Structures are given as structure tokens and as C-alpha cells.
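Asks: build me a model:
(chains A and B, ligands or ions: 2)
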Amino acid sequence: MDITFHNVTHVYHPKTPFERTALDRINLRIRSGSFTSIIGHTGSGKSTLVQHINGLLRPTSGLITAGDLKIQAQKKKQDLKPLRRKIGLVFQYPEHQLFEETVIKDVCFGPMNFGVPSAEATKRAEECLSLVGLPSQFWHQSPFDLSGGQMRRVAIAGVLAVNPEVVILDEPTAGLDPSGRKEILNLFKKLHQEMNLTIIMVTHNMGDAATLSDEVVVMDSGRLVMSGTPEQIFSRDRELRKIGLDVPETMLFLDSLTDKFDQPRMTPVFSLKGTADRIAGLMNGGAADV
Amino acid sequence: MFNLVIGQYVPLDSVIHRMDPRSKLISVFMFVVIVFLANNWLTNVLLILFCLGGILTSKISPAFLFRGLRSILIIVLLTFFLNLFFTGGGPLLLHIGWVRIYQNGLIQSIFITNRILVIIVMTTLLTLTTSPMEITDGMETLLNPLKKIKVPVHEFALMMAISLRFIPTLLEETEKIIKAQAARGSDFTSGSLKSRMKAIVPLLVPLFVSAFKRAEDLAMAMEARGYHGDFGRTRLHKLVWKRRDTLLLLTMGLLTVALILARL
Ligand SMILES: Nc1ncnc2c1ncn2[C@@H]1O[C@H](COP(=O)(O)OP(=O)(O)O)[C@@H](O)[C@H]1O
Ligand SMILES: [Mg+2]
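Replies: Ligands and ions are numbered 1, 2, ... in the order given. Got it, this is the predicted structure:
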């Protein structure tokens, strides 16, 4: 389902000395089936933005649509369960939300809240735990006995078990070791490519944003400053640096290399293989294959 | 949860903010005592004027202050009506069914409510203009003489400082976990009482786990940086008593004298 933001503004603690505009007139369209990365400095409003998508936060003004569901500023109570069933959100450090006696029970929590019968929920929980790569010997242990990385997988499985169409990930790899990071990112890639889920990922890693996503959104001080394909976004490296962001390391590497060879800068590449091709081109013909 | 103003520090730059926490603590304490001197219209008006003066000097928006006080309005109203219905004396003003309101009752309830209100406003003003750290520092220094009779003043102050420091953190954490569970379809705000009680467990368990973990980390971090209790410990922020602090205490003295004279 498509997700759109129309002039969305969010103010925390309005009309108090703690008032703070976290989102400022955001307009955005996230296509169904896309992989969108949201990048921006800490405090730029990324988490606030994504929490609007499943109605955890309401806009102060403006409108968000997700499929045919609408979220807008209103006092009246609205049943948000249909929305939350379709849009899963994995918070930053999601392992902090675990509470059940066993891993499998914790993963069942989501589906059962949405009325899935217990047998079916258990089946889904087992599928999702295998999907995130947690060996079955851990399934009946207490989640608190697992390592941090394993707990994170359980938490992610807990969101996937609801069978959402859209998965939002708020800095999903924060605090993981490099191999854990890689595995988790591969999982999201698989979910996107094989199961056709729409993925929205908040990240600080420019390389991840560049290699995984087909759409990048850049936030700065509550405003949406750029959006486009990774190539479009990362070729505007000067503007990115101005707001405290960087470009992927492959680009940094190639830029310093072309400078050394006194060659003009090249169009961005993000993968290691692409980088190798460029270097080979440089060494063979001098001029880069632009 | 977040519209409760009591105990929330608002960092602004005003004379009251810059005063020594000790003078503010002593003054609020004095104020709470001398409020009971007020027994007629004049003295009550004096108290109100004093409060308004305090609010204006503090630069805190009165609207913000009073909005935050709304949550305790119910207690204030309850006191008002209890006194109104159950204090007799003077001419009968109103008689409906079993309700009899006498003139003295009405006046008494106004006075008592006013006392409660000014006390609340003043103590709130203290916490709005003084950071939790300053308050504990001030208390510790003021209570220092008690160390002579082996009262663990420093430890109490530390416990208080840590609790105050972590209240916002815990609230933030609570909000985050409520959201995380809500994203998994849990609902704290509707349904039967029983289902709501059940929805509390997924909230409380993670909160306790993280609070214990935090406490452990904090203890370890303090020990690693050489914390060894009160003995031989120096202060980063030395409290400095300035002329404005003496002036504040003098003002409090004046208010006391004025109240005593005016109640006659
Ligand atoms: N619950 C909250 N209450 C008040 N202010 C908040 C809250 N959450 C975030 N903010 C503020 O809103 C701004 C955006 O925060 P956030 O969306 O968390 O940014 P990011 O995820 O990009 O780091 C920040 O200035 C932050 O201090
Ligand atoms: Mg964030």
C-alpha cells in the first residue's frame, strides 16, 4: 500500500516551555513495494516521522494516508488496529520490549493481539523465528537469557509474525556487531525481494542506505530536504556535508583515488564490485567509464 | 502523564532561577509555616500578592503554571466543598435539601482553599525554578549538621538526586515501551478493566528489567570512577550565597511581620 504525507507537522508538548517542532510541513510519498531509507542527523525527526505511519503519533496538522486508511489530527478516538496490523514497526533497540517467559510466547504476542488463534500464532512464530535465523534450541528459553543480537532477532520476529505489508525499521542495526549487522540487513533484503514487503528503514549508515534502498529520504531539523534515488541523493555530497551527513565510503574512496589520478569525479557507485570495476577502468584507460 | 507540572524544572534565566537553592528552600519552608498566620481577608490577599510577585519575577508563564496545576484542582475543590458544607456559624446563606451553607463556612472555605493554593503555587515555583540537582545540593548542605548525630545525609541526598535524575528517563522509557507494544497490537486505553490489567504486564516487565539494568550500570560506572561515599568528597558546584539570597530571606521576614500585624 502507498503511504503519503501531506503537509504533516508535529509539535511535541505544544503550548509549554518544552514546545518543539519535530516535523515541519512534510510532504512525502512512499510507493508500495519500495525499499525506502530515511537518513538524517540525530534529532532531525526521523523517528517522529516513522511513528506517524502506524498512528503511534498523530500529526499536529496535516494528513497521512496508508492505503485507504487516514491519520490526521483529531481528538476523536479512532480504531488503529487495522492500520497497525498492516504496518509493523521495529523500534530502535527493540529487544527492550521483550517480556514473556519464553521466546516463542513473546513472538506470539503480536499475532494474538490481532486475534490470530493460538495454534496459528505459534505456527507463524516458528516460521518467523526460522526466518530471522534463531536456532530452535532457543525457542523455549527465556528471552532474557539470550545475547543482545539474538534478542533483537526475537523482537524483529515478533513484528514479522503479525504478517505486515509494510515493515518500518528504526535504526535496526544500532549496537550490533558487524556480522550480526550483515545478517540482519540480508534478512531485510530478502523480505523486500522475496516476500515483496514495503520496507522503510531509518539508518545512519550511508552505505546501507545506498546499497539496499531504491529511494532515499533526507531529513534535517524536522524538514524533508531531499528525496530521490541513492544516485541522485549521494551525488549532492556538498549539500549532504552541510547538514552533517556523509556519502558512502565507496564514493569517498573513489573520489580520493580520482583526485590522485587528476581525473574528474565519477558518478556514484556503492557496491564493492562496482568500485572494483571503476578502479579497473581507471587503471586500464585512464579515463573513467562515466 | 506529561502535563503534570509539579516537579518539573523549566530552565529560564530569572533572578529566582539564579538564587541559591538554600535560600529558596528556607523561604518556601518559612512560607508554608507562615501561611497559617493568615486569618482574614487582608492577610489572604497579601499571600496572593506575594505569590503573584514570585510568579512574575520567575518569568514562568502563568498560563503554563496554572494549566499544570489543573490536575490537582480536584483535591482543592474537594477541600473547598467539604469545608463549605460542614462548617457552621454566622447567618444562614443557603438552604437546599440537606445542604446548609453559613457565612462563616463560606469564608472559612475560601481562606483554607487559598492557603492550599498558595502553598502549592510556591512549592511548584520552587521546583520549576530550581533544578533537581540544586535542590538536593541545597538540602544536603542545609541538613549537614545532622551528620554529627550520624544521620546519613549524604546518602539520602544521593538517593534523592539519582531518583530525580531518572524520573524523566523512566517516563521516556515508559512512553517508548507503550508505543512498542502498541505497535504489536496491545491496547492500554480501551477494553474491559481485566483486559487493561493484562496489558500492563508487557509494560511493567520491560520497565523493571531496564530499571534494574540501569541501576547496575550506574553503580558500576560510579565505582569505576572512584566513588567512595561522602568522606573526602569535594563539590563541583559550590553553592554561593549572594546578596539577593539575603534579600529574599529579609523579604520573607517582612512578609511574616506584615502577616502578624495584619491579622490583628
Ligand atoms: N517524546 C518526545 N518528547 C519531546 N520531544 C521529543 C520527543 N521525541 C523526540 N523529541 C524531539 O523531537 C526531535 C526529533 O526527534 P527524533 O524524531 O527522535 O529524531 P531522530 O530519530 O532523527 O534522532 C528532537 O529534537 C527530539 O528532542
Ligand atoms: Mg531516532
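Asks: so where do the strands sit in chain A?
Replies: Under the criterion DSSP state E, chain A contains strands at A:3-12, A:20-30, A:35-40, A:61-66, A:69-72, A:87-90, A:166-170, A:198-202, A:215-220, A:223-228.
Asks: lowest average pLDDT across the ones you listed?
Replies: Ranked by mean pLDDT, these end with strand A:69-72 at the bottom, a mean of 89.
Asks: how far is that one from where the chain is centred?
Replies: Relative to its chain's centre, strand A:69-72 lies at 21 Å (Cα atoms, centre = their mean, to the nearest Å).
Asks: related to what we said a few turns ago, could you dump the strands of chain A into a markdown table with mean neighbour count and distance to B:Asp245 added?
Replies: From N, CA and C alone the C-beta is placed, and that goes for glycine too. Shown next, in a markdown table, are those (neighbours: other Cβ atoms under 10 Å in any protein chain shown; distance: least, Cβ to Cβ, whole Å):
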| stretch | mean neighbour count | distance to B:Asp245 |
| --- | --- | --- |
| strand A:3-12 | 18 | 35 |
| strand A:20-30 | 18 | 33 |
| strand A:35-40 | 25 | 45 |
| strand A:61-66 | 18 | 46 |
| strand A:69-72 | 17 | 51 |
| strand A:87-90 | 26 | 51 |
| strand A:166-170 | 24 | 47 |
| strand A:198-202 | 24 | 48 |
| strand A:215-220 | 23 | 44 |
| strand A:223-228 | 18 | 45 |
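Asks: which one of the ones you listed lies closest to chain B?
Replies: strand A:87-90 (4.3 Å; Cβ to the nearest Cβ).
Asks: is that closest one positioned near ligand 1?
Replies: No: contact between strand A:87-90 and ligand 1, assessed by Cβ under 6 Å from any ligand atom, is absent, since the two come no nearer than 12.8 Å.
Asks: direction included, what does that strand pair against?
Replies: Here the strand partners of strand A:87-90, with direction, are listed using DSSP bridges: strand A:166-170 (parallel).
Asks: give me the contact list for the partner strand.
Replies: Under the contact criterion Cβ atoms under 8 Å, 6 or more residues apart in numbering or on different chains, strand A:166-170 has outside partners A:1, A:3, A:46-47, A:50, A:53-54, A:66, A:86-92, A:159-160, A:188, A:191, A:197-202.
Asks: name the residues of whichever helix in chain A runs longest that are buried.
Replies: Taking DSSP state H as the criterion, chain A has its longest helix at helix A:178-194. By neighbour count, with 16 or more other Cβ atoms under 10 Å in any protein chain shown as the criterion, the buried positions of helix A:178-194 are A:Gly180, A:Arg181, A:Ile184, A:Leu185, A:Leu187, A:Phe188, A:Leu191, A:His192.
Asks: excluding chain neighbours, what is closest to the residue in the stretch 151-290 of chain A that chain B sits nearest to?
Replies: When distances are taken as Cβ to the nearest Cβ, the stretch 151-290 of chain A approaches chain B most closely through A:Gly158, which lies 6.3 Å from it. Closest residue to A:Gly158 in three dimensions, ignoring its sequence neighbours and counting by Cβ to Cβ, 6 or more residues apart in numbering or on different chains: A:Val107, at 4.8 Å.
Asks: so what's the one you found up against?
Replies: If a contact means Cβ under 8 Å, 6+ apart, then A:Val107 has A:Arg124, A:Ala125, A:Cys128, A:Leu129, A:Val154, A:Ala157, A:Gly158, A:Ala161 as its contacts.
Asks: what of A:Glu120?
Replies: Contacts here follow Cβ under 8 Å, 6+ apart; on that basis A:Glu120 touches A:Pro111.
Asks: the residue of the stretch 1-150 of chain B found nearest chain A sits in which helix or strand?
Replies: Taking Cβ to the nearest Cβ as the measure, the point where the stretch 1-150 of chain B comes nearest chain A is B:Val10, at 4.9 Å. In this assignment (DSSP states H and E), B:Val10 forms part of neither any helix nor any strand.
Asks: and for it, the neighbour number?
Replies: If you count neighbours by other Cβ atoms under 10 Å in any protein chain shown, B:Val10 ends up with 20.
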